[in-house]
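Visitor: Following is a predicted model, sequence given first.
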Amino acid sequence: MPGSTKARGSEMAEPHTTVQEAMLAQDWPVVRRVAQDWAAACEREQRRDPRPYFALNVAHLMLGEFTEAFRTHERALVEAADIETVRGWVDALLAAHQDSPVAHTVAGLFLAQSAQSEQSAERYKEAIRLNPTWAHPHYFLAQIHERAGRAELAIKEYREAVKLDPSFAPARINLGVLYQHQGRLEMAIPQYREVIRSNPTDAIAYANLASALAEQGKTEPAIAAYQEALRLNPDDAEVHFALASLYETKNRLDLAMKEYQEALRANPNFAAAETAVGWIHLKHNRPLEAMNAFSRAVKLDAEDARAYLGIGDIYHRRGKPHLANENYALALKYEKDPEKKTQIINDLFRQGSTWDL
C-alpha cells in the first residue's frame with residue numbers, strides 16, 4: 001500500500017507516532033502489530049492508556065476482524081475519561097491532516113463508537129469526497145444509515161462499497177442481509193454466493209445463504225449450506241440451532257435433538273435451545289426430561305414464553321390446573337408474536353381453559 005515503507009521504517013519512534021503514520025498509509029497490519037505492542041507495554045507498566053486499544057479497534061475494523069474489534073472497544077471507548085483521551089488524539093490527527101480521507105474515517109469511527117453516530121456520518125462523507133474510490137467510508141456510512149433505519153440509503157452505500165471493491169465480503173454480506181430483511185431473496189442470495197465464490201471458507205456467508213434458501217422453501221440445499229457453515233465453524237451455536245430447527249420442520253427429530261444439543265455445547269446459556277430440547281422430549285412423551293429442560297431454560301431466560309408454555313402443558317397433563325394456568329399466563333405475558341399469542345389462547349380454549357386470559 002502507498003506509504004507502507006515509511007510506516008515500517010519508523011517503528012522505532014514513539015508508538016503513537018508510528019501508529020498514526022501507519023494509519024495514514026493505510027497499512028493496517030502494521031497498525032495492529034504496533035498497537036498490540038503498545039498495549040502490552042502499557043499493561044506491563046500498569047499505565048492506563050485507551051489509545052492503543054482504539055488503534056487496535058480501527059485496525060481490526062479495517063481488516064474485517066469484528067469480534068476482535070468489539071473486544072478492543074470495551075478497553076477504549078466505555079469510560080468517559082478514556083473517551084476524552086481518545087478524542088484529543090483523534091482531534092489532533094484530524095487537525096493535522098484535514099486533507100486525509102483516512103483521518104476523517106478514523107474520526108468517524110471514533111464518533112460512531114462514542115454515541116455520536118450522526119456526527120460520524122459527516123466524517124465519512126468528507127472521506128468519500130476526498131477519495132471517491134475508497135470502499136471503506138461507504139461501508140461505515142452504510143452502517144450508520146442501517147442503524148438509523150434508513151435501509152435504502154444503507155443499501156446504496158453498501159452497493160457502492162461492493163462496486164469499488166468487489167472482494168469486500170463484509171459489505172456484500174451486509175447488503176445481502178438488508179435485501180433478505182426486505183424479502184428480496186433473489187437479490188440477497190447472489191451476494192452470499194459471490195462471497196463464497198471468492199472465499200470458500202467464509203462460514204458466515206454459508207450460514208446466511210442457508211437462511212435465505214430456507215426462506216425460499218429450499219430445505220435440502222439450506223441444510224447442506226448450514227452443514228458446510230458448521231464444518232468451517234463447528235462452534236457456532238446459532239447455526240446449530242438454525243439447522244436443528246430445519247430438521248424439526250421435516251420431523252427429523254433425532255437429528256434436530258443432536259443439533260440442539262450441539263448448540264448447547266457451544267453455548268451452555270442458550271435458553272432457546274434448552275426450550276427446543278424440552279419440546280422434543282415432550283413430543284416423545286418424556287415429561288420428566290422435558291420439565292428439566294424447560295426449567296433450565298427459564299433459569300437462563302426468565303421471559304422464555306415457549307418454556308412456560310411447555311411447563312404449563314406438563315402440569316395440565318398431570319392434572320394440576322392451577323400450576324398449569326400460572327405458567328400459561330406467563331407464556332401469554334412474555335410472548336411477543338401476536339400470532340403465536342393467539343395460537344396459545346386458541347389451544348387453551350380447546351383444552352377447556354376458559355379462565356380470564
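Guide: Good, I have the coordinates.

Visitor: quick one: buried residues of stretch 39-46?
Guide: 39, 42 (16 or more other C-beta atoms under 10 Å). No exception for glycine: its C-beta is placed from N, CA and C like everyone else's.

Visitor: In CSV, list the C-alpha atoms belonging to that stretch.
Guide: Coordinates of each C-alpha in stretch 39-46 appear next as CSV, following Å, rounded to 0.1, in the frame of the first residue of the first chain:
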residue,chain,number,x,y,z
ALA,A,39,-1.0,-2.0,24.7
ALA,A,40,1.2,-4.8,26.1
ALA,A,41,3.8,-2.2,27.3
CYS,A,42,1.0,-0.2,29.0
GLU,A,43,-0.2,-3.3,30.8
ARG,A,44,3.4,-4.3,31.9
GLU,A,45,3.9,-0.8,33.2
GLN,A,46,0.4,-0.6,34.7
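
Visitor: residues in contact with it?
Guide: 15, 48-49, 52-53, 56, 75 (C-beta atoms under 8 Å, 6 or more residues apart in numbering).

Visitor: and if we set it to 6 Å?
Guide: Stretch 39-46 is contacted from outside by 49, 52-53, using C-beta atoms under 6 Å, 6 or more residues apart in numbering.

Visitor: again with stretch 134-152
Guide: For stretch 134-152, using C-beta under 6 Å, 6+ apart, the contacting residues are 101, 105, 117, 121, 124, 127-128, 153-154, 157-158, 160-161, 164-165, 168, 171, 178.

Visitor: Go again with 8 Å.
Guide: By C-beta under 8 Å, 6+ apart, stretch 134-152 touches 61-62, 101, 104-105, 108-109, 112, 117-118, 120-121, 124-125, 127-128, 131, 153-158, 160-162, 164-165, 168, 170-171, 174, 178, 181-182.

Visitor: Leaving out the residues flanking it, which one is nearest to residue 306?
Guide: residue 275 (4.9 Å; C-beta to C-beta, 6 or more residues apart in numbering).

Visitor: does that neighbour really touch residue 304, like I thought?
Guide: Yes. Counting by C-beta atoms under 8 Å, residue 304 is a contact partner of residue 275 at 5.7 Å.
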